[in-house]
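J.: this one's structure only:
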């Protein structure tokens with residue numbers, strides 16, 4: 001019978017797919033820290049390590065402009081990463097992948113709300129019984145049908 005296992009054991013297990021993901025994430029985070037140490041500040045905002053496999057490191061940038069700038073850093077990056085990270089001694093190439101950042105979602109303007117003719121009449125009738133002139137005028141404005149820009 002299966003018994004519940006603590007989450008930390010699942011995350012650190014040798015054969016677990018989740019453990020592989022956690023390990024890969026930690027490695028990428030470490031590589032990104034080293035990348036940030038080598039590159040200039042504006043560039044680090046636009047570059048991140050996407051993957052490392054065999055002898056190739058892939059760095060993802062968010063535009064062709066940053067890819068072009070990063071190409072000048074490749075020899076320095078190769079040297080610094082191999083020198084500072086023992087696991088990257090076999091690194092032979094760095095590839096650049098351009099993946100534009102997804103645009104921010106466009107907010108839809110709020111839908112115009114219209115009140116029914118019956119509600120409009122009720123609000124208008126209620127406004128007639130209000131003594132406060134400002135409140136009465138506000139209720140009258142509320143009871144008027146709204147006009148669209150086409151009208």
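T.: Here it is on my side, so go on. What you see is a predicted model, and the numbers here were worked out from it, not measured in a lab. Residues are numbered from 1 along each chain as shown.

J.: mind checking how far the host helix or strand of residue 29 is from the chain centre?
T.: In the assignment (DSSP states H and E), residue 29 maps to helix 17-38. Counting by C-alpha atoms, centre = their mean, to the nearest Å, helix 17-38 is centred 18 Å from the centre of its parent chain.

J.: pull the residues that contact it.
T.: 10-13, 44, 47-49, 51-52, 57, 59, 73, 76-77, 80-81, 84-85, 87 (C-beta atoms under 8 Å, 6 or more residues apart in numbering). Using the backbone N, CA and C atoms, a C-beta is placed for each residue, glycine as well.

J.: what residues sit buried inside stretch 116-125?
T.: The neighbour-count check on stretch 116-125 (16 or more other C-beta atoms under 10 Å) flags residue 123 as buried.

J.: next up, phi/psi of residue 95, please.
T.: The phi/psi pair for residue 95 (degrees, to the nearest 10) reads phi -110, psi 150.

J.: so the residue lying closest to residue 74 once chain neighbours are set aside bridges to which residues?
T.: Leaving out its chain neighbours, the residue that sits closest to residue 74 by C-beta to C-beta, 6 or more residues apart in numbering is residue 94, at 5.1 Å. In this entry, residue 94 is beta-bridged to residue 57, by DSSP bridges.

J.: thought residue 94 was touching residue 56?
T.: Yes - using C-beta atoms under 8 Å, residue 94 is in contact with residue 56, at 7.4 Å.

J.: these two: which has the busier surroundings?
T.: Under the neighbour definition other C-beta atoms under 10 Å, residue 94 and residue 56 were set side by side, and residue 94 has more, 19 against 13.

J.: how close does the more buried one sit to residue 28?
T.: Distance of residue 94 to residue 28, given as C-beta to C-beta, to the nearest Å: 14 Å.

J.: again, but for residue 143
T.: With distances taken as C-beta to C-beta, residue 143 is found 60 Å from residue 28.

J.: of these two, who's got more company?
T.: Applying other C-beta under 10 Å to residue 143 and residue 28 shows that residue 143 carries more neighbours, namely 18 against 15.

J.: got a pLDDT number for that one?
T.: Residue-level confidence at residue 143 comes out at 86, pLDDT.

J.: tell me the domain ranges of this structure?
T.: For the chain, the structural domains run 16-98, 108-151, going by automatic domain parsing.
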